[in-house]
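Participant: coordinates for the following, if possible.
(one chain, ligands or ions: 1)
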Amino acid sequence: MSSRRDFFTGAAALVGAGLVSRAGAATLPEAPVMTTAATQPPPPPPNGRPYNPVVTLNGWSLPWRMNNGVKEFHLIAEPVVREIAPGMKANLWGYNGQSPGPTIEVVEGDRVRIFVTNKLPEHTSVHWHGQRLPNGMDGVTGLNQPGIQPGKTFVYEFVARRPGTFMYHPHADEMVQMAMGMMGFWVTHPKNPAHHRVDRDFVFLLNAYDIEPGSYTPRVNEMLDFNLWTFNSRAFPGIDTMNVRQNDRVRIRVGNLTMTNHPIHLHGHEFEVTGTDGGWTRPESRWPEVTTDVAVGQMRAIEFIADEPGDWAFHCHKSHHTMNAMGHDVPTLIGVDHRGVAEKITKLVPDYMVMGDKGGSMGDMEMPLPENTLPMMSGQGPFGGVEMGGMFTVLKVRKDQRAGDYKDPGWYKHAAGTVAYEWKGEPPAAVRSQPPGGQAMPAAGKGPEVEVTVRKPKGHQGHH
Ligand SMILES: [Cu+2]
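Facilitator: Residues are numbered from 1 along each chain as shown. Predicted coordinates for the structure are as follows:
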């Protein structure tokens with residue numbers, strides 16, 4: 001069923017959330033454009049089969065129009081400026097104003113028609129990674145179709161046959177276009193919304209760039225030595241937190257379009273891999289873990305009950321993937337007494353800094369940074385510098401986070417006696433009053449002992 005009223009309903013649902021409408025030719029569906037890198041709360045589907053929408057971390061889902069029962073989307077491949085984190089922007093290629101492109105959400109059995117307009121300076125195509133579809137819709141330039149030349153619009157059409165987690169990306173000048181950020185997420189929801197139901201469903205892509213400190217555009221010839229590691233083309237502290245209610249069943253879907261694998265690690269909970277790039281895993285095949293490797297080209301859906309309140313780190317476990325650029329050329333001098341050396345070198349090489357001679361900490365160090373460059377490790381938490389970058393964010397589990405509320409609740413307020421403390425000869429009173437072997441509970445009618453101040457992450461540490 002279609003009606004004139006349906007025509008822009010999808011877009012209307014998002015207006016006011018950074019979305020700019022851009023009318024296309026009369027016969028084409030509108031191609032809305034997103035102007036912000038902030039996470040957009042998921043709008044319920046305005047028409048078509050019902051589903052439980054996903055939340056794209058620092059991203060959004062693409063509205064559609066219904067045309068005689070076909071879901072029509074319009075992607076525009078184009079150069080974009082993506083804010084990687086406050087203090088750094090990158091000239092990337094993407095879709096509809098951002099990179100990665102918008103998430104496409106459809107329902108198992110939907111007939112889907114996607115218009116792709118090429119506003120890049122070279123030909124492109126779109127491959128619908130993981131889908132069952134007619135061979136001529138698979139998007140490999142030269143093999144399945146001619147390239148989409150600049151200024152041209154191609155149409156892809158197929159039935160979303162298999163529910164699950166997918167990605168899309170060009171299969172044309174792939175090394176350049178993927179190094180420039182051409183990619184997006186795709187979710188095909190099960191026909192029965194009660195199947196695989198969760199309370200929160202977060203999705204994002206893993207990406208890597210080689211952006212020289214002080215510059216704005218990725219070096220596209222890079223094969224191995226990437227220096228910027230991101231979730232949905234955002235680097236910590238620019239990645240939004242995942243905010244959930246205590247005891248929510250949470251799914252996090254991750255797709256990897258970098259050139260290396262990423263062991264994704266969650267603190268405080270065990271999860272199971274409930275979906276891969278090939279579909280849902282059989283329940284008898286699942287086992288609990290706290291880290292799962294997401295190899296190149298793979299998608300993984302992990303699920304867990306968020307039953308431990310707090311601010312839990314969620315990150316890639318390769319430590320150089322939780323650092324921002326400049327990580328490569330700094331010598332390790334742990335155990336070396338270099339008193340006076342750094343000072344002398346600084347006179348020769350202004351950007352030089354010593355990588356902690358005590359095994360330590362750069363999070364609090366001030367160092368001169370080139371323009372448009374993030375500190376290697378930064379981010380302020382309630383107790384000081386978090387000393388992370390890149391692929392790192394926080395799962396915030398709160399008793400009072402309402403269903404459907406994705407707002408950041410601020411830092412966790414710890415119950416008295418449940419924070420690691422400095423030993424001063426005897427435990428503080430709050431620790432002594434804890435029940436032996438049990439979790440400390442805040443005394444009835446009394447607030448938590450620790451007052452925390454919320455400080456905004458500093459994106460531009462070290463600028464003078
Ligand atoms: Cu990694």
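
Participant: residue of the stretch 151-300 of the chain with the smallest distance to the ion?
Facilitator: Going by Cβ to the ion, the ion is nearest to His262 of the stretch 151-300 of the chain, at 3.4 Å. Every C-beta, even on glycine, is put in place using the N, C-alpha and C of the backbone.

Participant: thought that residue was touching Asp293?
Facilitator: Yes: applying Cβ atoms under 8 Å, one finds His262 in contact with Asp293, separated by 7.2 Å.

Participant: for Asn261, give its distance to Gly214.
Facilitator: Taken as Cβ to Cβ, to the nearest Å, the spacing of Asn261 relative to Gly214 amounts to 29 Å.

Participant: name the nearest residue to Val294, ignoring sequence neighbours.
Facilitator: Distances taken as Cβ to Cβ, 6 or more residues apart in numbering place Asn256 nearest to Val294, at 4.5 Å, with adjacent residues excluded.

Participant: so what pairs up with the one you found in the strands?
Facilitator: Beta-bridge partners for Asn256, by DSSP bridges, are Leu206.

Participant: neighbours around it, how many?
Facilitator: Residues lying near Asn256 (other Cβ atoms under 10 Å) number 23.

Participant: so it touches Ala295, yeah?
Facilitator: Yes: Asn256 lies in contact with Ala295 (Cβ under 8 Å); the separation is 6.6 Å.

Participant: in which helix or strand would I find Glu78?
Facilitator: Using DSSP states H and E, Glu78 sits in strand 70-85.

Participant: on contacts alone, who are the packing partners of that strand?
Facilitator: With contacts taken as 3 or more Cβ pairs under 8 Å, 6 or more residues apart in numbering; DSSP states H and E, strand 70-85 sits against strand 65-67, strand 88-95, strand 111-118.

Participant: how far away from the center of its chain is the following helix or strand past the second one?
Facilitator: For strand 88-95, the succeeding helix or strand toward the C-terminus, using DSSP H and E, is strand 104-107. Between the mean C-alpha location of strand 104-107 and the chain-wide mean there is a distance of 18 Å, by Cα atoms, centre = their mean, to the nearest Å.

Participant: run a quick neighbour tally on the residue nearest to the residue of the stretch 151-300 of the chain closest to the ion when sequence neighbours are not counted.
Facilitator: In this structure, His262 finds its nearest non-sequential neighbour in Cys316, 4.5 Å apart by Cβ to Cβ, 6+ apart. Residues lying near Cys316 (other Cβ under 10 Å) number 24.

Participant: residues in contact with Cys316?
Facilitator: Shown in contact with Cys316 (Cβ atoms under 8 Å, 6 or more residues apart in numbering): Leu206, Trp229, His262, Pro263, Ile264, His265, Thr322, Gly390, Met391, Phe392.

Participant: check contacts around the last one.
Facilitator: To tie it back to what came earlier, the one meant is Phe392. Going by Cβ under 8 Å, 6+ apart, Phe392 touches Phe236, Ile239, Ala313, Phe314, His315, Cys316, Thr322, Gly379, Val386.

Participant: now the strand holding Glu78, how far from the centre of its chain.
Facilitator: Relative to the centre of its chain, strand 70-85 is centred 16 Å away, using Cα atoms, centre = their mean.

Participant: just the element for Thr292, please.
Facilitator: strand 291-294.

Participant: which parts of that strand are buried?
Facilitator: Across strand 291-294, burial judged by 16 or more other Cβ atoms under 10 Å covers Thr292, Val294.

Participant: who are the packing partners of it?
Facilitator: Strand 291-294 is packed against strand 248-256, strand 262-266, strand 299-306, with contacts defined by 3+ Cβ pairs under 8 Å, 6+ apart.

Participant: quick one: those as TSV, columns for mean pLDDT too.
Facilitator: TSV is the format used below for the helices and strands packed on strand 291-294 (pLDDT from 0 to 100):
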stretch	mean pLDDT
strand 248-256	98
strand 262-266	98
strand 299-306	98
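
Participant: wait, which of the contacts of Cys316 is closest to Gly279?
Facilitator: Checking the contacts of Cys316 against Gly279 with Cβ to Cβ, the nearest one is Ile264 at 19.4 Å.

Participant: residue numbers of the stretch 251-400 of the chain in contact with the ion?
Facilitator: Taking Cβ under 5 Å from the ion as the contact definition, the stretch 251-400 of the chain meets the ion at His262, Cys316, Lys318, His321.

Participant: could you rerun that using 6 Å?
Facilitator: Proximity of the stretch 251-400 of the chain to the ion, by Cβ under 6 Å from the ion, involves residues His262, Cys316, Lys318, His321, Met391.

Participant: surely the last one meets Phe314?
Facilitator: No: taking contact to mean Cβ under 8 Å, the distance of 9.2 Å between Met391 and Phe314 leaves them out of contact.

Participant: re the thing from before, who has more neighbours out of Asn261 and Gly214?
Facilitator: Asn261 (16 against 12).

Participant: the closest residue to that one other than its chain neighbours: neighbour count?
Facilitator: Closest residue in space to Asn261, ignoring its immediate chain neighbours: Ala295 at 4.5 Å, by Cβ to Cβ, 6+ apart. A count of neighbours around Ala295, defined by other Cβ under 10 Å, yields 12.

Participant: swap in Gly151?
Facilitator: 9.

Participant: tell me the confidence at it?
Facilitator: On pLDDT, Gly151 comes in at 97.

Participant: that one touches Asn118, doesn't it?
Facilitator: Yes: in this structure, Gly151 is within contact of Asn118 by Cβ under 8 Å, at 6.7 Å.

Participant: residues touching the residue in the stretch 51-200 of the chain that the ion sits nearest to, list them.
Facilitator: Nearest residue of the stretch 51-200 of the chain to the ion: Leu57, at 15.5 Å (Cβ to the ion). Residues in contact with Leu57 (Cβ under 8 Å, 6+ apart) are Thr39, Phe202, Val203, Phe204, Phe231, Asn232, Arg234, Ile239, Asp240, Met242, Thr393.
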